[in-house]
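Trainee: Give me the fold of what follows.
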Amino acid sequence: MHEKLTMAQALNRALRDSLAEDPSVLVFGEDVGPLGGVFRITDGLTAEFGEERCFDTPLAESGIVGMAVGLAMNGMRPVVEMQFDAFAYPAFEQVVSHVAKLRNRTRGKVSVPIVIRVPYAGGIGGVEHHCDSSESYYAHTPGLHVLAPANAADAYGLLREAIASDDPVVFLEPKKLYWAKEEVDLTQPVPGIGRAAVVRQGSDATLIAYGPSVPVALEAAEVAAQEGRSLQVVDVRSIVPFDDATVCEAVRSTGRAVVVAEAAGFASVSSEIVARVTERCFHSLAAPVRRVAGFDIPYPPPKLEHLHLPSVDRVLDAIDDLQWEHA
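Mentor: So this is what the prediction gives:
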């Protein structure tokens, strides 16, 4: 059944359906109870399921994730919210030392099915500590799955799958896309964890993006089409595990690629994608793989944000640099 939903509404529906279907699912974090969270993703869940299933915690991210570890070790499926991306750093020791390692440490005897929801990335004019692109920290931590939806259907489907998974998942929710409304059918399955998706066909070059950068890539492809250039767009969706097969098949079909991501480019997810594509598609490439990323600086003040984030113009400039004279 098709309906118009924002990503925020789709995430709320995913949490509600998971709570209703599985009594072991718990939702907790800062202000996620009666208030419904800063972005209202958990709106109405406490009223419907009670304070034992959806509840507020103290302002202590390390304690939130540490409590989730203990609950998960004892049969529960906690879904915790880090109120903003940069607020999650106090919990990083728990994530790296325990969440990511417990299954390995116990030789598979103990799993920790935790979902850590992180409203992340820029585009909302947030001040310091409210707009980090922190995906590379988590992607570099073996033992974690890292997901970044770019539309409402994927937000619903991937969150449901993440909650049902026995592996810990860092679920990155692009803040600037929370209120984008689209027509979706939540009864239709979406590609799952570990699967990328080609969201626009094209023959001249491939744009590879995830999370908040996917709409930028799609807009750039639309503008390029008006100039006579056909751009394919791949939505990575699942940063870890990464879908080499879909991404590389797309790149081989065009012979040119640009990776688009908000995070700083050095030692990043975008640099890893460039490396993987170059290694696996070298003989199919007509030009070196390019990147359009955030600059290697601390996240800038709101008035400078538009200069830092990948833009359509920057993406098109990178496309123009792909050695078309050799085509």
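Trainee: how much space between Thr303 and Asp132?
Mentor: Thr isn't right for residue 303; it's Lys. Lys303 is 18 Å from Asp132, where distance means CB to CB, to the nearest Å. C-beta: built from backbone N, CA, C; applies to glycine.
Trainee: same question, Gly123
Mentor: For Gly123 relative to Asp132 (CB to CB), the value is 12 Å.
Trainee: go on, Phe87?
Mentor: 9 Å.
Trainee: neighbour-wise, which of these two wins?
Mentor: Applying other CB atoms under 10 Å to Phe87 and Asp132 shows that Asp132 carries more neighbours, namely 24 against 18.
Trainee: Hmm, Ala86 and that one touching each other?
Mentor: Yes: assessed by CB atoms under 8 Å, Asp132 is found in contact with Ala86 at 4.3 Å.
Trainee: neighbours of His306, just the number please.
Mentor: Neighbours around His306, by other CB under 10 Å: 12.
Trainee: what residues are up against it?
Mentor: Not one residue lies near His306 by CB atoms under 8 Å, 6 or more residues apart in numbering.
Trainee: cutoff 10 Å now
Mentor: Gly122, Gly123, Gly125, Pro300 (CB atoms under 10 Å, 6 or more residues apart in numbering).
Trainee: longest helix in the chain, by residue count?
Mentor: Longest among the helix segments of the chain by residue count, using DSSP state H, is helix 7-21.
Trainee: which parts of that helix are buried?
Mentor: 7-19 (16 or more other CB atoms under 10 Å).
Trainee: Next: stretch 175-183.
Mentor: Across stretch 175-183, burial judged by 16+ other CB under 10 Å covers Lys175, Lys176, Leu177, Tyr178.
Trainee: now the strands: where do they sit in the stretch 101-250 of the chain?
Mentor: Ranges of strands within the stretch 101-250 of the chain are 115-120, 145-147, 169-174, 181-185, 197-200, 205-209, 231-235, 238-240, based on DSSP state E, counting those that start in this stretch.
Trainee: mind showing which ranges of the chain have poor pLDDT?
Mentor: Within the chain, the segments meeting pLDDT under 70 span 325-327.
Trainee: can I see the domain layout of it?
Mentor: Following automatic domain parsing, one finds the domains of the chain at 2-185, 197-326.
Trainee: how about those domains, which one is nearest Pro191?
Mentor: Of all the domains of the chain, domain 197-326 sits nearest to Pro191, with 5.3 Å by CB to CB.
Trainee: picking that back up, pull up the overlap in contacts between Gly123 and Asp132.
Mentor: With contacts defined as CB under 10 Å, 6+ apart, the residues shared by Gly123 and Asp132 are Glu262.
Trainee: Now for Ala224: which residues touch it?
Mentor: Counted by CB under 10 Å, 6+ apart, Ala224 has contacts Gly202, Asp204, Ala205, Leu207, Ser230, Leu231, Val312, Val315, Leu316, Ile319, Asp320.
Trainee: distance of the third one from Ser213?
Mentor: When you say that, I think you mean Ala205. Plainly put, Ala205 is 16 Å away from Ser213 if you go by CB to CB.
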